[in-house]
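*Asks:* predicted model and sequence below, questions to follow.
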Amino acid sequence: MSYIDKFKMNNKNVFVTGGSGLIGNECVTALLDAGANVVVLDVNEPVNLHKVTLGYEYFDIANLERIDENINSLVKKYGTIDCWINIAYPRTSSWADKVEHLKLSDWRHNVDMHLNSYS
């Protein structure tokens, strides 16, 4: 059996948070090539939505108060979640600043969002 055959995802429902981003879009493409039914979960609609087999859902992983409700609605709409891939990158207002210009409080806020957002 080849490595490609081992990674087949035929008819599996795969949810990709951050699927609209640069890395996320490539991951979605690879999953589609592997036969997966992909749902992109992001705060931005994907540019290549026509390629996505199941669709797009607005999903903010940093909104922890609604995580359970959002996941329950996904299960209700799509049935099963066979695979969940987190590629989302929650951004603070200072996310693009050079490291040498960041305040310690900005650094802590950014790290906290990444470690404590749902994935």
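*Replies:* Looks like it came in fine.
*Asks:* list the contacts for residue 79?
*Replies:* By C-beta atoms under 8 Å, 6 or more residues apart in numbering, the contact list for residue 79 reads residue 13. Glycine gets a C-beta too; all of them are placed from N, C-alpha and C.
*Asks:* would you mind giving both backbone torsions of it?
*Replies:* When read as degrees, to the nearest 10, the backbone of residue 79 gives phi 90, psi -100.
*Asks:* how much space between residue 84 and residue 15?
*Replies:* Distance, residue 84 to residue 15, using C-beta to C-beta, to the nearest Å: 5 Å.
*Asks:* between the two, who's got more neighbours?
*Replies:* More neighbours surround residue 15 than the other of residue 84 and residue 15, with 23 against 15 (other C-beta atoms under 10 Å).
*Asks:* ok, now which ones touch the more buried one?
*Replies:* Applying C-beta under 8 Å, 6+ apart to residue 15 gives the contacts 38, 39, 41, 74, 81, 83, 84, 85.
*Asks:* the same query, at a cut-off of 10 Å, please.
*Replies:* Residue 15 is in contact with 36-41, 54, 57, 59, 71, 74, 78, 81-86, counting by C-beta atoms under 10 Å, 6 or more residues apart in numbering.
*Asks:* swap in residue 48?
*Replies:* By C-beta under 10 Å, 6+ apart, the neighbours of residue 48 are 19, 20, 25, 28, 29, 32, 40.
*Asks:* so where's the chain shaky on pLDDT?
*Replies:* 49-50, 52, 90, 117-119 (pLDDT under 70).
*Asks:* how about the helices in it?
*Replies:* Taking DSSP state H as the test, the helices found in the chain are 3-6, 22-33, 67-78, 104-116.
*Asks:* fine, thanks again, bye for now.
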